[in-house]
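here's a sequence, model it:
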Amino acid sequence: MSDRIPEETINKILSSTDIVDVVSDYVQLKKQGRNYFGLCPFHGENTPSFSVSPDKQIFHCFGCGAGGNAFTFLMDVDGLSFVEAAQKLGSKVGEEISVSTAASEQDAPPREDEKQMLQAHELLSKFYHHLLLNTKEGQEALEYLLSRGFTTESISKFQIGWSLPSWDFTVKFLQKRGYSLDLMEAAGLLVRREKDQSFLDRFRGRIMFPITDPKGKVVAFSGRSLHSEDEPKYLNSPETKIFNKSRTLYNYHESRTIIRRKQQVILFEGFADVISASGASVENGVATMGTSLTEGQIGLIKRLTDSVVICYDGDSAGVEAAFRAGNLLLNHHLSIRVAMVPERLDPDDYISKYGKEKFQQDVIGASLTFMAFKLRYHKLNKNLNDEGDRLQYIEDILKEITQLSNAVERDYYIRYLADEFDVSLEALQQQLAEVNGAVKGKSKPAKQAPPPKPSIPRVQTKLLPAYQTAERRLIAYMLKDPNTAYKVQDWLAGTHLNIDEHQAIITYLFGYYEEGMPPGASSFIGYLPDERLRRIVTEIEMMSISEECTDQELMDYVQSVLKHQKMLKIKEKESERKEAQRQNDYRKEAQIAMEILQLRKSL
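Here you go, the predicted structure:
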């Protein structure tokens, strides 16, 4: 894995890296005992089964089996090569990796197109930003933004830019720098004219909002028209190899540290809302990409926090979207509140009209529980003075109450209905029982409840045979001490372990020690070339073993390994004896029976 980077450099990076800090950039971790637990980023789950050990500097998922060290985590979660992961970790601890770009690129030739796309987006993002702030051509757009309440600070923070109202400036700009125009069309930066197949700029005369992926790379743009006659109001990049809108949240990478610190995310609908809210000191905001909230976007949120405040537009469409988003978040067991924006305004307009203090206090600070929001939502388009609408409203709320898991909450909202509509508590409780019975047996949406505290997960695999457990415990102790490893090697006397993967692991381990490498699972995992073996080592490292191991305990494990091999030999001899018996070869049968007897005595 590391033939181009000196092992001492790798070990230096590992020893200077805290895997908890690395994983925390992607997974919301909570300490439980000596380890940290969170939701696995490699498979969907609602109960934490992903464990990080700061002592051993490894991670392991008890659900899907993923495991490894800080290097392999970045390789798996970001799709990096080993060299790229080493460079990323090295830069964090001040250990620069001097590997040629050409050599690095050879690791993943199919990704060269994506690298070119990312480079072009980054280049254009910086150029558009320069045009807006520093040129005569961008003056009108800059004045418009400042009149809308944007500041030069927020413009710089979000790298907002301006694209020239030219048909082919970007075409020439990219072509001059050696980019393939066909590739730039695939990247969503250019479009092709049908009549002569020539290339045109996709974005012309627009305020440019760069969009970054979860790793902070610019992958797309949203261009806002400056003049009302220019349609559409927002022109967005199409989906490409580097941009998938259903798995992207605007401002996610930039706000993740604040979200994690506050343990709450504010979910907006638009870019301008996020930027205005940031100027109002609400800096933990993200926005969907012009579409309804998706499962992929929820997955990003769950990496950072389990608490979401939905702050959509105050019009009826925004309220409907908030209701849908809330129910989707509820299905993922997140804690939800809804910030209602008065006067049918969107958050951006509200901040411009009333200022940041009122937005903080009267909108975000006054957010409702999701159930309280539903009480308001179900009143929309109903005339509660009308008996039919009033009864329908009561039934709608009773259906919502059946989904609450907390008995106090259920009682509170039943009493609320009784007081508001002057209905007896007994009648409502009877109706609630009927509604509950009507939905019984149907799949219910997830109930809103405080997210469960992570508990130490238990491995759901079947109990391993004694010999297999013995082999894993031997490996665990061999990983801790080279002397123990060579002692076990002598006792096995050339006998292989029964599980092929276990034998492969100790073969690599002896090679690792012979190269003078230090004991420790984290470093050894980076030495292993096979993902399957790395996963097994992390599973073994997560086993509970004593700090010290006596020679007698080690010998008992070795004997368990040897005993199993003798049992297999006995089974083989039994088959041979039966075959001799079938062929009436009594002498051979007797000879084999004696061999079986000797094997049994040696057990």
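
and stretch 235-243, which residues are buried?
Neighbour counts over stretch 235-243 (16 or more other C-beta atoms under 10 Å) mark 235-237, 240, 242-243 as buried. C-betas here are computed from N, CA, C, even on glycine.

then stretch 381-400?
Those would be 390, 393-394, 396-400, for stretch 381-400 by 16+ other C-beta under 10 Å.

re the thing from before, now for the buried residues of stretch 235-243: which two are most distant?
Pairwise distances across those (C-beta to C-beta) peak at 18.1 Å, for the pair Leu235 and Ile242.

name the nearest of the buried residues of stretch 381-400 relative to Gln360.
Nearest member of these to Gln360, counting by C-beta to C-beta, is Glu400, at 29.0 Å.

element containing the closest one, please.
helix 387-402 (DSSP states H and E).

quick check: angle from the helix or strand just after that helix to helix 387-402?
Under the assignment DSSP H and E, the closest C-terminal helix or strand after helix 387-402 is helix 407-421. Relative orientation of helix 407-421 versus helix 387-402 (axes from the mean of the first three to the mean of the last three C-alpha atoms, to 10 degrees): 170 degrees.

summarise which helices and strands helix 407-421 is packed against.
helix 370-377, helix 387-402, helix 425-439 (3 or more C-beta pairs under 8 Å, 6 or more residues apart in numbering; DSSP states H and E).

contact partners of the second one?
Around helix 387-402, the neighbours that count as contacts under C-beta atoms under 8 Å, 6 or more residues apart in numbering are 371, 374-375, 378-379, 382-384, 410, 413-414, 417, 421, 423, 428, 431-432, 435-436, 439, 444.

where does the prediction get shaky in the stretch 401-550 of the chain?
438-462 (pLDDT under 70).

am I right that Phe268 is in contact with Gly285?
Yes - with contact defined as C-beta atoms under 8 Å, Phe268 counts as touching Gly285 (5.5 Å).

hmm, back to that, which among the buried residues of stretch 381-400 gets closest to Thr9?
Glu400 (58.4 Å).

from Tyr413, how far off is the closest one?
Glu400 is 8 Å from Tyr413, where distance means C-beta to C-beta, to the nearest Å.

overlap of the contact sets of the two?
Counting by C-beta under 8 Å, 6+ apart, the residues touching both Glu400 and Tyr413 are Met371.

got the contact list for Leu80?
Per C-beta under 8 Å, 6+ apart, neighbours of Leu80: 74, 88.

gap between it and Val20?
19 Å.

coming back round to it: neighbour count winner among Phe268 and Gly285?
Set side by side, Phe268 and Gly285 show more neighbours around Phe268, with 29 against 26, by other C-beta atoms under 10 Å.

low-confidence stretches in the stretch 51-200 of the chain?
The stretch 51-200 of the chain contains residues with pLDDT under 70 at 79, 98-110.

let's see it at 80
78-81, 93-111 (pLDDT under 80).

sorry, back to before: any residues in contact with both of Phe268 and Gly285?
Taking C-beta under 8 Å, 6+ apart as the contact rule, the neighbours common to Phe268 and Gly285 are 274, 277, 311.

burial count for Ser91?
Neighbour number of Ser91 under other C-beta under 10 Å is 12.

next, count neighbours for the nearest residue to Ile298 once chain neighbours are set aside.
Leaving out its chain neighbours, the residue that sits closest to Ile298 by C-beta to C-beta, 6 or more residues apart in numbering is His332, at 5.3 Å. When neighbours are counted by other C-beta under 10 Å, His332 registers 19.

again, but for the one 5 residues further on
Arg337 has 20 neighbours, counted by other C-beta under 10 Å.

which residues does it contact?
Here Arg337 is in contact with 307-310, 367-370, 373 (C-beta under 8 Å, 6+ apart).

if we go to 7 Å?
309, 367-370 (C-beta atoms under 7 Å, 6 or more residues apart in numbering).

which one of those residues sits closest to Glu96?
Closest approach to Glu96 among the contacts of Arg337 (C-beta to C-beta): Val309, at 40.7 Å.

in which helix or strand does the nearest residue to Asn11 once chain neighbours are set aside reside?
Leaving aside its sequence neighbours, Asn11 sits nearest to Ser523 (C-beta to C-beta, 6+ apart; 5.6 Å). Assigned by DSSP H and E, Ser523 belongs to helix 521-527.
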